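Asker: Predicted model and sequence follow; I will ask about them next.
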Amino acid sequence: MKSGFITFVGKPNVGKSSLINALVGEKVSIVSPKPQTTRDRIMGILNESDLQMIFVDTPGIHRPRTKLGEYMIKCIKDATADVDVIVAVFDASKGISDDDLNRLDMYLQSDSKVVVVINKTDLVSQEKIVGMLASMSEYIRKGVAEVLPCSCRKKFNIDELKKTLASLLPQGEKYFLDDEISDKPISYMINELIREKALLLLQDEIPHGLGVTMQLYEDKGKVINIECDIICEKDSHKRIIIGDNGSMIKRIGESARRDIERLVGKKVYLKLFVKVRDDWRNNNNFITDIGYSHR
């Protein structure tokens, strides 16, 4: 039996969440084209008869400007401490910067094994991929266990990545039950699915100031009644989220409800409300209330 913790790290939008969802085979982290979609440390769990891989998704590495941003950076630091493997993910279309290499050197100084994933290879030429792989030869000599080009969209090398990570895990017992796919409660996952749909449907200037809190989860047997508040920071944003005659909030709700029903396996009645909380991302108490808290 092999088991262990594998943390994925990298800049915003390099595809960490998509890689973890592909490896687990279920959506455990929400995905959108917007930076800083992932705000928390989230575990996705892959269970097999002789293997349990616990993948840790992290927010994108960035310079924090709010209390929420500071929380996100601390999540990254916590998630890279005392894990079995660190997976450094780079976006092939954006290349590998000096900052990326400096962080890679830092990961190599830890006790964790280090794997490099060059993701989104479907967006660049084969020549560029070969060049990026060649640039990693020095880091293989320094101790990087493996460098893999991958593409979630094309499902390229996902199985190879899984095999590589499994080979690096120690012998051990399972940390989670066989039917668990995440360490997060159902309420958190529902809130995140709603936020994902808002991120995908709303204008670029709004999503960073969005949060979701659950006010009601009522299991009636065949049907689950759910009520959630979408939190924004400005009255002007509230009007956009609601839309003309409620058109936007309806689209967000319909899209989220379909995913929530797949998650809970039941019919769902979902009601969404929009609330304004000025500068909530700098309010530690509200950040905790909304579901982001250090464990």
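Answerer: Structure's in. What do you need? Numbers count the residues shown, from 1 in each chain.

Asker: Would you map the helices across the chain?
Answerer: Remark: helices assigned in the chain by DSSP state H are 16-24, 67-79, 98-108, 126-135, 137-142, 158-168, 186-201, 235-242, 247-264, 284-289.

Asker: Could you list the low-confidence segments of the protein?
Answerer: For the chain, the stretches with pLDDT under 70 are 35-36, 205, 207, 293-295.

Asker: what domains does the record give for it?
Answerer: The chain breaks down into these domains under automatic domain parsing: 2-168, 186-289.

Asker: most neighbours per residue, which of the helices of the chain?
Answerer: Stretch with highest mean neighbour count among the helices of the chain: helix 16-24 (a mean of 24; mean count of other Cβ atoms under 10 Å). Heads up, the C-betas are built off the backbone N, CA and C, glycines and all.

Asker: helices and strands around it, which ones?
Answerer: Secondary-structure packing of helix 16-24 (3 or more Cβ pairs under 8 Å, 6 or more residues apart in numbering; DSSP states H and E): strand 2-9, strand 42-48, strand 51-57, strand 85-91, strand 113-119, helix 158-168.

Asker: can you do 7 Å?
Answerer: Under the contact criterion of 3 or more Cβ pairs under 7 Å, 6 or more residues apart in numbering; DSSP states H and E, helix 16-24 touches strand 2-9, strand 42-48, strand 51-57, helix 158-168.

Asker: Let me have those in CSV, extended by distance to L193.
Answerer: Shown next, in CSV, are the helices and strands packed on helix 16-24 (distance: least, Cβ to Cβ, whole Å):
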stretch, distance to L193
strand 2-9, 20
strand 42-48, 13
strand 51-57, 15
helix 158-168, 23
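
Asker: out of those, which comes closest to R251?
Answerer: Nearest to R251 among the helices and strands packed on helix 16-24 is strand 42-48 (25.4 Å), distances taken as Cβ to Cβ.

Asker: got the buried residues for the closest one?
Answerer: Within strand 42-48, the residues that qualify as buried are 42-47, counting by 16 or more other Cβ atoms under 10 Å.

Asker: Can you tell me which of the helices of the chain is nearest to K2?
Answerer: It is, among the helices of the chain and with distance given as Cβ to Cβ, helix 158-168, at 6.4 Å.

Asker: For the closest one, which outside residues touch it?
Answerer: The contact list for helix 158-168, computed with Cβ atoms under 7 Å, 6 or more residues apart in numbering, reads 2, 6, 22-23, 51, 53, 84-85, 113, 115, 117, 145-146, 148, 150.

Asker: just to revisit the earlier point, specify the stretch among the domains of the chain that is closest to D179.
Answerer: With Cβ to Cβ as the measure, domain 2-168 is the member of the domains of the chain nearest D179 (7.9 Å).

Asker: From start to finish, how long is the closest one in a straight line?
Answerer: By Cα to Cα, to the nearest Å, the extent of domain 2-168 from end to end equals 9 Å.

Asker: cool, stretch 171-182 as well?
Answerer: From its first residue to its last, stretch 171-182 covers 21 Å (Cα to Cα).

Asker: And the contacts of that stretch?
Answerer: The contact list for stretch 171-182 (Cβ under 7 Å, 6+ apart) reads 1-4, 24, 26, 28, 42-45, 47, 52, 54, 189.
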